[in-house]
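Asks: Take this sequence and fold it.
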Amino acid sequence: MAAAAAPSPILPSVPTLPKKPLPAGLPRGWYESHNRRVKAMRLAIALLHSGVDRPEQARNRRIRLVAEKIGVRPPSNTTCRMVRSLIAIDRH
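Replies: The predicted structure follows:
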């Protein structure tokens, strides 16, 4: 049985803000949407750091490869679209 390799981070380790618990009592869809936005932002930042600076360079396959490298689960097609839209916003 092969051991899983640790993800190789492509971003330098930087201090982050302390995490706060999410507010309780909101509909499940809110939490799903929030987590999708957080994941898309992490992927967009990783792609920008790896040299991807235009949305057309960020195909689903490339986004999923970066997700694997930074240690997050493969994103859905919807999350991939979000990542591209975040990269497009960065250009303006």
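
Asks: Longest helix in the protein, please.
Replies: Within the chain, and with DSSP state H defining each element, the longest helix by residue count is helix 28-49.

Asks: Show me what the helix or strand following that helix is packed against.
Replies: Using DSSP states H and E, the helix or strand that follows helix 28-49 in sequence is helix 60-70. Helices and strands touching helix 60-70, by 3 or more CB pairs under 8 Å, 6 or more residues apart in numbering; DSSP states H and E, are helix 28-49, helix 77-91. Where C-beta positions appear, they are placed from N, C-alpha and C, glycine not excepted.

Asks: Give the buried residues for the longest helix of the chain.
Replies: Within helix 28-49, the residues that qualify as buried are 39, 40, 42, 43, 44, 45, 46, 47, counting by 16 or more other CB atoms under 10 Å.

Asks: Point to the helix or strand of this protein where mean pLDDT is at its lowest.
Replies: Sorted by mean pLDDT, DSSP states H and E, the helices and strands of the chain end with helix 77-91, the least confident at a mean of 88.

Asks: quick one: that one to chain centroid distance?
Replies: 10 Å (CA atoms, centre = their mean, to the nearest Å).

Asks: Could the C-alpha coordinates of that helix be exported in CSV?
Replies: Output in CSV follows, covering the C-alpha atoms of helix 77-91 (Å, rounded to 0.1, in the frame of the first residue of the first chain):
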residue,chain,number,x,y,z
ASN,A,77,-17.1,23.0,-12.5
THR,A,78,-18.9,25.8,-10.7
THR,A,79,-16.0,26.5,-8.5
CYS,A,80,-13.7,26.5,-11.5
ARG,A,81,-15.9,29.2,-13.1
MET,A,82,-15.7,31.2,-9.9
VAL,A,83,-11.9,31.0,-9.9
ARG,A,84,-11.8,32.3,-13.5
SER,A,85,-14.1,35.2,-12.6
LEU,A,86,-11.9,36.1,-9.7
ILE,A,87,-8.8,36.1,-11.9
ALA,A,88,-10.7,38.3,-14.4
ILE,A,89,-11.6,40.8,-11.6
ASP,A,90,-7.9,41.0,-10.7
ARG,A,91,-7.0,42.3,-14.2
